[in-house]
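Enquirer: pasting the sequence and the predicted model now:
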Amino acid sequence: MQAVSEGAGIAPPAYRGARGHPVGFSRKFFDELAALHGDQGARELLQRHAQSLIVRDTDDPGVLRDIDRPSDLEQAPASV
């Protein structure tokens, strides 16, 4: 959130070089995000706008867990 508020277009967190979740998006990507359907995710959007990425390192390995539904949280390992 801080990276986006400081001007990043897209701001994924990273842990030990691996990008994680959740990814922050500035308002300029709202229409593209709203047009996504199903479990498509924003992977293509991230690739298309790679120049807008500002990756923020964190010491939290939890960012590597992609939790979209309550069942994902139940199935996720306790640690990464």
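Expert: Arrived safely, thanks for sending. Only a predicted model underlies this, so the values are computations on that prediction, with no experimental measurement involved. Residues are numbered from 1 along each chain as shown.
Enquirer: show me the contacts for the residue nearest the centre of the chain.
Expert: By C-alpha atoms, centre = their mean, the chain has its centre lying nearest to residue 23, at 2.1 Å. By C-beta atoms under 8 Å, 6 or more residues apart in numbering, the contact set of residue 23 is 10, 11, 12, 13, 42, 46. From N, CA and C alone the C-beta is placed, and that goes for glycine too.
Enquirer: ok, it to residue 49 distance?
Expert: Computed as C-beta to C-beta, to the nearest Å, the residue 23 to residue 49 distance reads 11 Å.
Enquirer: any weak-confidence spans in this protein?
Expert: By pLDDT under 70, the low-scoring segments of the chain are 39-40, 76-80.
Enquirer: now do the helices in it.
Expert: 2-5, 30-34, 43-48, 70-75 (DSSP state H).
Enquirer: those helices: which one's closest to residue 55?
Expert: Set against residue 55 and scored by C-beta to C-beta, the helices of the chain come closest in helix 2-5, at 8.5 Å.
Enquirer: contacts for that closest one, please.
Expert: 11, 24, 25, 26, 54, 56.
Enquirer: again, 7 Å this time
Expert: With C-beta atoms under 7 Å, 6 or more residues apart in numbering as the test, helix 2-5 has contacts from 11, 24, 26, 54, 56.
Enquirer: which of the contacts of residue 23 are buried?
Expert: Among those, those buried by neighbour count (16 or more other C-beta atoms under 10 Å) are 10, 11, 12, 13, 42, 46.
Enquirer: no further queries at this time; thank you.
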